[in-house]
Every structure is written in structure tokens, then in C-alpha cells.
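>>> What follows is a predicted structure for the sequence shown.
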Amino acid sequence: MNEAVFIPDSYTKTLENGQVSWQSPSNIALVKYWGKYGEQLPKNASISFTLQNCNTKTSLSFNVKDSDGFDFEVYLDGKREIGFEPKILKFFERVEMYLPFLKSYKFKIETSNSFPHSSGIASSASGMSALALCLMSIERKLVDGGISDENFNQKASFLARLGSGSACRSIDGDLIVWGEHSDIEGSSNLFGTKYPHLVHENFKNFQDTILLVDKGEKQVSSTVGHNLMYNHPFAETRFRQAEENLSKLIPVFESGDLSAFIEIVESEALSLHAMMLTSLPYFVLMKPNTLEIINKIWAFRAKSGSKICFTLDAGANVHVLFPEVEKEMVSEFIKRELAEFCKNGEFIEDQVGFGAKKI
């Protein structure tokens, strides 16, 4: 499959105005994507848990216009956010050939996050996927006979990727693969796909408590971070490692082997940070409290036998992952021993979810 399949034939219906709204979740990668090529294509396959509580709600109002060019305004929590608009403009420019109606309307994009905007949680995955779904809802109304749910979700994921790579993993759930992988039938670099193999009950309703170590702006933007993989001395080895770890997860998910899951997921998190530590320029994205939390988790696991583990995005915050059967025990541990290392003691309790919802 190539990008041309997402270019629509001429539209058979017309719309003067309207409004559509979607709620789309964030996601947390277990095998990390770090490094890209071409137009938002991944150098290695990744797999993520879709989250449930960390989400973005976006409403898209549109009115037909006669003027040329893109015309839109972005609002966050009811306030105009001009600073977001260059990113949206770049997104519109990338997807125009796949959504030729974009210049026919004036848009008002109203968005809000279920988590604090300054929390240090990347909102690009949930935000761009919610916007892509809104745009697909408009296109569905313009096509005689509509668009099937499968094609709708696939194209929404494809479009979301062009706004933010990881956003393509936020359309569906609960486990989503992005990137071609020989062991994952139907996997693609162009969009995210549902994980097709058996998943043990141990991983159902898996919990993710996000410890907010650092609530400031990202030290390194995702674009800058991914670009550091060009000419990185360990890049090719890292890409192979990620592919191998995804292969190793297949029997782990089937058997429910939580110990093997922990080993892969924590290694992936630390490998991501190792790539930043060894790039030029180099960056230390962890904070002292990040390391305190990791060491506390290791000590608690050794003492209690818990199957708690951690993963990290490209920042200081810690995602604490654990099976639902341990929720009471681990939640108490987090409040007792980990919350003190969070900014103002703040953390967000979440769990695996099942994708975006129209609202």
C-alpha cells in the first residue's frame, strides 16, 4: 500500500457549515520509536498501550468560504492559542492532497486536555489524532455512501501521523503497532494497526500511573530528538534492538510472562534515554527525582515480588506500569514512597483504554 490510496476521488456532496467533535487518548510506547525518515515515517516499529484517562477533546466548527488559502483559529480551554497555529498550518499543508476540502472552509479548532497542559505529558498524540478524526468526519459527510469504519480509522491514523508520528497510535486500542514488522501481519509505516496476536489476561486493564516529575516545557522537542538519530553512532544497532524486542513481546503477551515484559519495557525506556545521552549534541532528560523513583521501584519489586515496572518518554516523567490485580498495593506504594518525588506531589492514575470516541 502507498500514500496514493488516501487521495479521494471528487466529493459528491456539499456542506455549508457544521461542527464535529472527538475525544482521543494519549498512548505510551512499550517498544519505542526514535528516529524517522521521509515524511514522518519510522525507522523502527513500535507498540503502545492506548490510555484511557489522558485524552484530548477537540471540536471543529467549519463554514464555507470563497477566499483562497487555509483559514483557521485554534483555541485551548476557550482561549485563542496563536502559538499552536504554525504547527496546525504545517499539518494542513502536509495533508491537503488527502483532504482537498481544507481550503474551502474557515475552521475553528477548540481543544482541551483532561490533563494539565503544563504537566509535561505530550499532548501531540491525543491532540493531532483528535483533529484528524474531526477532519475525517467531515470527509465522511462529503462522500456519497460514506466511508467504512475500517477505512475511516486507517486514514485517520495516516493523517494523524503527518501531524505527530505517535498520534497514529491513538486512534484505536488497546495495543497498537506502528511500523512494518515481519512478525506483525498488516503492520505499516503509514498508519497504526491493532496488535493481531493473542494477549494474556495479565495484560487486560493494565494500569499506568504517570508521575509528574517535571511540569515544564520539553527540554528537547520531538523533532530535534528524532533528528539526532541521523549519523548517530549507535542508531542502526538501536533500530535492530527495537525490532527484536517487539518480536520478543509476542510470546510474552501470549503467555502472560510479566517478568519478561518488565525486562523488555524497562530496557526500551533506558535505551531511548541512552540514545540522547550519546548523541551530538547530547542531552540528559532524566532529573534526579526520575532516578530516585526508578531505584525505589526496583527496591519495592525486589522486596515485595510485585510486577511493577516503569517506562519513560523523552522526558523526566515516569510511567509506572502494573497489572490490575496489584492496584491496591501499588497505589499505596506510590502515595507512600513515590509521590514525594513528583512536582507538588502530583501524579495521574490511568489505565489501558480502547481508542477514540466521537462526542
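Nice, thanks for sending it over. Quick caveat, the model's predicted, so the values are computed rather than measured.
>>> what's the neighbour count on the closest residue to Ser114 other than its chain neighbours?
Taking CB to CB, 6 or more residues apart in numbering, and ignoring the residues beside it in sequence, Ser114 has Asn55 as its nearest neighbour in space, at 5.0 Å. To be clear about C-beta, it is placed using only N, CA and C from the backbone, and glycine gets the same treatment. When neighbours are defined as other CB atoms under 10 Å, Asn55 has 27 of them.
>>> Enumerate every residue touching Ser247.
Counting by CB atoms under 8 Å, 6 or more residues apart in numbering, Ser247 touches 181, 183.
>>> Any figure for the gap between the residue nearest to Ser114 and Met329?
27 Å (CB to CB, to the nearest Å).
>>> how far does stretch 241-259 sit from the chain's center?
Counting by CA atoms, centre = their mean, to the nearest Å, stretch 241-259 is centred 20 Å from the centre of its parent chain.
>>> That one: which residues count as buried?
For stretch 241-259, the neighbour count (16 or more other CB atoms under 10 Å) marks 241-243, 245-246, 249-250, 252-253, 256-258 as buried.
>>> Now tabulate those residues in TSV and tack on pLDDT and distance to Leu198.
Compiled in TSV, the buried residues of stretch 241-259 are given as follows (pLDDT from 0 to 100; distance: CB to CB, whole Å):
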residue	pLDDT	distance to Leu198
Gln241	98	24
Ala242	98	22
Glu243	98	20
Asn245	98	18
Leu246	98	15
Leu249	98	12
Ile250	98	9
Val252	98	11
Phe253	98	7
Gly256	98	10
Asp257	98	13
Leu258	98	16
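>>> Using the record's assignment, carve the protein into domains.
Following automatic domain parsing, one finds the domains of the chain at 3-197, 206-351.
>>> Who does Thr50 form a beta bridge with?
Asn27 (DSSP bridges).
>>> what's the burial count for Phe322?
26.
>>> hmm, back to that, from Ile359, how far off is the residue nearest to Ser114?
For Asn55, the distance to Ile359 - CB to CB - is 10 Å.
>>> Common neighbours of these two, please.
Shared contacts of Asn55 and Ile359, counting by CB under 8 Å, 6+ apart, come down to Gln23.
>>> so which strand or helix has Arg94?
Here Arg94, judged by DSSP states H and E, is contained in helix 85-95.
>>> from the domains of the chain, which stretch is densest packed?
domain 3-197 (a mean of 19; mean count of other CB atoms under 10 Å).
>>> low-scoring pLDDT stretches of the protein, where are they?
Within the chain, the segments meeting pLDDT under 70 span 117-120, 122, 217.
>>> could you pull out the helices for it?
85-95, 124-142, 149-163, 222-227, 235-255, 258-277, 288-304, 327-333 (DSSP state H).
>>> Quick check: which of those is nearest to Leu51?
helix 124-142 (8.5 Å; CB to CB).
>>> helices or strands next to the closest one in the packing?
On a contact count with 3 or more CB pairs under 8 Å, 6 or more residues apart in numbering; DSSP states H and E, helix 124-142 meets strand 17-31, strand 46-64, helix 85-95, strand 105-113, helix 149-163.
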